[in-house]
Every structure is written in C-alpha cells, then in structure tokens.
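> Dropping a prediction and its sequence here:
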Amino acid sequence: MITYKLNRKSCLVAVGGGFVADITGFIASIFMRGIDLIQIPTTMMSMSDAVIGKVAVNFRGLKNLLGSFYFPKFVFADTHFLKTLPEKETVFGLIEVWKHALLVQDYKIIQAIEYYLSGCAKLDETQIIKFSLEAKRHFVEVDYNDKMGVHKALSLGHTLANYLELTFDLRHGPAVFYGIIFVALLSYNLKMINKEKFENIMQTVKLFENKIGLLNNVQGKLRVVDVMHRLKFDKINHGNFYTFVVLTNGSFHIKKGITNAVLTNVFDQFKKLKI
C-alpha cells in the first residue's frame, strides 16, 4: 500500500471469507488512521457473521488479540458465490446463524435450519443471511464499542471456541458449534434454562453433528486443566474469574464469577456426551 502510494482517499475491497474480511478490515482501520473499506463476502460464514463492526487478527497464539471496531462502507453479499462451495461451508456458516437465532429467539429460523440439515427443505439463503446480519446489527449498534455488555452476547459459544480453534486447528464454524454445546450444558447446570429448552437445543445439535461429525475427536483431545488455564485469557474474562455468555429461558445472560468446580463438572459432562 505504501509502495503504490495509497492515501486517505483510497479504498480497500475484501473479496473472500471471514479471514480475508478480518485482515483487510484491520489494515483499513489502521492505515493513515482509517480508510474506506468495502466487503464482498464469498462464504455463508462471512456473509452471515464476519462483516459487521469488528476486525481483528490473532497474535502470539491469542485469538483476535489485535483489532479495531470498524464498519465497512458497503457490504455486498451475492449468494451466487455459495454455489461454488461444498455443502460443509454452508453448514459451518449456519452455525453462526443458529447462534443469532438462539440469542433473539427466532424459532422460525431455527426450524428452517433444521429442515435444511435433515434434508426436508432447501435453504432460502437470502432470508437466512438477511436475518443473521440484522440480528447481529441489533447487538452491535446499541453497544458499538462493546462497553455495556449487550455486544458480548455475540460471544455465545466463542469462549471455548477460541481455545478449540487455536489448540486443535479447528475451523471457526465447528469450534463455535462445540462451544455452544458446552454453553447449553453450562446453562442447564446453572438452572438458567429448563429441560425443554435444553432438549430443543440438543435436537438441533444432533442434526448439525450428523453433518460435522467431529465431537468424538474433540472430546478425545480436550484436556480440562489446559483449557481452563487458557480460558482465563479470553477477552470477556476479568482476572481469575470465568465469564460465559449463557442461555436463559428468555434469551441470554452474561454470567460472571463461574467457579472452577462448576466448569470442571460441565467439562466432564461434555467429554462424556453422546449425540
């Protein structure tokens, strides 16, 4: 950019998945204190999740340590890109859509995802992407700089997911999926959700796992002592206290001060879980 003499009137265009959007957006945010950014996401994941509000890169083994709050001028989501990708890319992207649906309690979207995963119906990609971006914008716009706690809702499932991505080289979609399973177990143990809601979540989990099939691999590799040590450095934690975005019978709650004993018990349940 310096060699080609880009200036403050220049614009960066990111064409690709979430990583391309993140690194291009991060550079756009710091080059000459910020230049225009346009994002053209090409995967279900980037169309539904990675294109609004936050840009970051990993550093020294820590997930998204360096980053900015930075909005693109435009986002162009063309679903024709999705037709060039294998089905697993759609499945991975739908995990973030499912996360958003859990947060805002949109059961029609959850049902549409279940119908697609079970092979009962085709996916209305435009509807799904529009819903997901609007749901994410709802949390971002009211808490742009992530100060009030509302924005942190989008970290649902990501606390464990960040560890799984960096430690096991797991893709973001599956990592968030197993992170949400863990949160569902945690929420149920904390009596934040009732049995009916837990079972409804696990119904969707089963359909996703039929497509992903990595649970046994994750369970076998997981070392509880290591993961709990690493979780202390997650960006939503403070000091030695564990913080998780958990589900409730209403919507969600940011639960602070979770003890070692509770987490150890839930990790034990996670490692023994059969789907």
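Okay, I see it. Numbering: from 1, shown residues only.
> Quick one: mean pLDDT for stretch 163-183?
Per-residue pLDDT over stretch 163-183 has a mean of 93.
> Quick one: distance of that stretch to the chain centre.
Stretch 163-183 has its C-alpha centroid displaced from the chain centroid by 9 Å (Cα atoms, centre = their mean, to the nearest Å).
> Could you export it as PDB, CA atoms only?
In PDB, the C-alpha atoms belonging to stretch 163-183 read as follows (Å, rounded to 0.1, in the frame of the first residue of the first chain):
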ATOM      1  CA  TYR A 163      -9.400 -22.400  22.500                       C
ATOM      2  CA  LEU A 164     -10.500 -25.100  20.100                       C
ATOM      3  CA  GLU A 165      -9.500 -23.100  17.100                       C
ATOM      4  CA  LEU A 166      -6.000 -22.300  18.300                       C
ATOM      5  CA  THR A 167      -5.200 -25.600  20.000                       C
ATOM      6  CA  PHE A 168      -6.800 -28.100  17.700                       C
ATOM      7  CA  ASP A 169      -6.700 -26.100  14.400                       C
ATOM      8  CA  LEU A 170     -10.400 -26.400  14.200                       C
ATOM      9  CA  ARG A 171     -12.400 -24.300  11.700                       C
ATOM     10  CA  HIS A 172     -14.400 -21.500  13.200                       C
ATOM     11  CA  GLY A 173     -17.800 -23.000  12.500                       C
ATOM     12  CA  PRO A 174     -17.300 -26.300  14.200                       C
ATOM     13  CA  ALA A 175     -15.400 -24.700  17.000                       C
ATOM     14  CA  VAL A 176     -18.400 -22.400  17.700                       C
ATOM     15  CA  PHE A 177     -20.700 -25.400  17.400                       C
ATOM     16  CA  TYR A 178     -19.000 -27.300  20.200                       C
ATOM     17  CA  GLY A 179     -18.700 -24.100  22.200                       C
ATOM     18  CA  ILE A 180     -22.500 -23.700  22.000                       C
ATOM     19  CA  ILE A 181     -23.000 -27.300  23.100                       C
ATOM     20  CA  PHE A 182     -20.800 -26.600  26.100                       C
ATOM     21  CA  VAL A 183     -22.700 -23.400  26.900                       C
END
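> how about low-confidence regions in the chain?
Applying pLDDT under 70 to the chain flags residues 50-51, 142-151, 232-241.
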